[in-house]
Structures are given as C-alpha cells and as structure tokens.
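Student: model the following, please.
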Amino acid sequence: MQRTRTIAGSFGALILATVLAACGGGGTSPSATAAAASNDANAPRIEAKDLKFLQTSVNVPAGKPFALAFDNQENLPHNVAIKDPSGKEVFTGEILTAVGSTTYQVPALAAGGYTFICSVHPQMTGTMTAQ
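Tutor: Got it, this is the predicted structure:
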C-alpha cells in the first residue's frame, strides 16, 4: 500500500511541475514577441547577428516615448540597453535568449547622442541619436 502512495505522489508532483512549467515560464514565447515586433512597422529596428548589431546607427524621436523593435537572429542571448553620454544606463531591454523578436517600449530621451549596447556582450555597440 505504501508503494502505491509513493508512485501516486510522484506522478502528482510530475503533473504539477509540468503544468507550472507550461503556465509560468516567466519569458515570452518567440511567436508572441514576433507578433509584438510586427505591430509597430515604423519603429526603429536593431538586429543582432554574429555577435554584433547589424545597425550601428539608429535615429529615434526626442522628448517622447517610442517603440524600438529588436530582432535576435541567433541562438545566443542578446538585448538592447541604452546609455547616456555620461555612461549611465537609461534603458535596459529584456534579454532574448534565442532567435526571436520583441518591441521594447523606451521612455522619452532628451535630444542628443546615446550609445546602445548588448548587456550580455558589451562589445556589441552602436550609436543612437534622439532628434
């Protein structure tokens, strides 16, 4: 009888773990992020591939929040973080751990020059101009 309860308990724990993994996860699926990225066709776009950003210069609107489309084209973790001229990080986007896209909602930036980087691979950089 004891053995039956142990097997049943283990089976119940396995089902619970499976349900929690399917529901929780904490991340956004690539299909959901791809849909989000395609919702704002006019958003400035930054793509990551071969451990570099394909765009080294991006223009964004100054003085108002904006959408920034990010496309990770490789199975390495990447994101976009924005630093002001003093080097202070003013925005940090979610890290995409595999191929996928997302649209970041960036708060308003004052007019001027900024640097964007990948938080995971800081050698990946570019210039952002808010105008």
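Student: now the nearest residue to Gly112 once chain neighbours are set aside: how far from Ile117?
Tutor: Counting by CB to CB, 6 or more residues apart in numbering, Gly112 lies nearest to Ala130, which is 6.0 Å off, once chain neighbours are set aside. (C-beta placed from N, C-alpha, C; glycine too.) Taking CB to CB, to the nearest Å as the measure, Ala130 falls 16 Å from Ile117.
Student: residue ranges with poor pLDDT in this protein?
Tutor: Within the chain, the segments meeting pLDDT under 70 span 1-40.
Student: what about the helices in it?
Tutor: Taking DSSP state H as the criterion, the chain contains helices spanning 2-23, 30-38.
Student: can you get me a residue count around the nearest residue to Val120 once chain neighbours are set aside?
Tutor: The shortest distance from Val120 to any residue other than its chain neighbours is 4.9 Å, reached at Pro77 (CB to CB, 6+ apart). Per other CB atoms under 10 Å, the neighbour tally for Pro77 reads 15.
Student: try Val99
Tutor: With other CB under 10 Å as criterion, Val99 counts 15.
Student: swap in Pro65?
Tutor: A count of nearby residues for Pro65, using other CB under 10 Å, gives 10.
Student: for Leu96, same thing?
Tutor: Close neighbours of Leu96, defined as other CB under 10 Å, add up to 24.
Student: ok, Gly112 next?
Tutor: As a burial measure, the neighbour count of Gly112 was computed by other CB under 10 Å and equals 12.
Student: show me the contacts for it.
Tutor: Contacts were defined as CB atoms under 8 Å, 6 or more residues apart in numbering; by that measure Gly112 touches 62, 84-85, 129-130.
Student: the closest residue to Lys64 other than its chain neighbours: neighbour count?
Tutor: When the adjacent residues along the chain are set aside, Lys64 lies closest to Ala108, with 5.2 Å between them (CB to CB, 6+ apart). The number of residues packed near Ala108 is 12, by other CB under 10 Å.
Student: for Ala111, which non-adjacent residue is closest in space?
Tutor: Across the structure, with CB to CB, 6+ apart as the measure, the residue nearest Ala111 apart from its sequence neighbours is Ala62 (3.9 Å).
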